[in-house]
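Participant: would you be able to build a 3D model of this:
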Amino acid sequence: MPSDSERVSLPGCSKNRTFVVAEGPEHEPKQVVIAPGRRFRLEGSKEILDEIKRREGRMIEVTGLIRKAVISPGGIPIAGGRIRIGGSVPRQPIYDAAKDPAYNQAIIDVSAWRLIDGGSCK
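Facilitator: This is a model prediction of the structure:
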């Protein structure tokens, strides 16, 4: 495992190669806190990506590597770390040059996945 990456398991829903983090069931342990609604582009073996694609519309948990910079907040902490200046995740580009839907989308290199009982995607 690269030193700049961390293995995480995230609950959510997939559509094509985009994974949207969702609030997992309460009985599921939370390994890392990533806000619901955060988007990731799925990377991995063709077999795993095809299996995930066949489960679109059902809540799944993907396990894989993401960069540590995606997890930790950016910017400069002030007031004891309660306030951060800068480092926010851009939601819209300032200029119209980035029409690609994967613009500033973090990548998760998927190594495994599983269905989550009782979960469905809207």
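Participant: what's in contact with the lengthiest helix in the chain?
Facilitator: Using DSSP state H to define each element, the chain has its longest helix at helix 46-54. If you take C-beta atoms under 8 Å, 6 or more residues apart in numbering as the criterion, helix 46-54 is touched by 14, 16-17, 42, 60, 62, 110-113. (Glycine included, C-beta is placed from N, CA and C.)
Participant: if we go to 6 Å?
Facilitator: The contact list for helix 46-54 (C-beta atoms under 6 Å, 6 or more residues apart in numbering) reads 14, 110, 113.
Participant: are any of the residues you listed buried, and which?
Facilitator: By the neighbour-count criterion of 16 or more other C-beta atoms under 10 Å, the contacts of helix 46-54 include these buried positions: 14, 110, 113.
Participant: reformat these as JSON lines; add secondary structure, pLDDT and distance to Ala69.
Facilitator: JSON lines is the format used below for these (DSSP: H, G, I helix; E, B strand; the rest coil; pLDDT from 0 to 100; distance: C-beta to C-beta, whole Å):
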{"residue": "Ser14", "secondary structure": "strand", "pLDDT": "93", "distance to Ala69": "23"}
{"residue": "Val110", "secondary structure": "strand", "pLDDT": "96", "distance to Ala69": "19"}
{"residue": "Trp113", "secondary structure": "strand", "pLDDT": "95", "distance to Ala69": "23"}
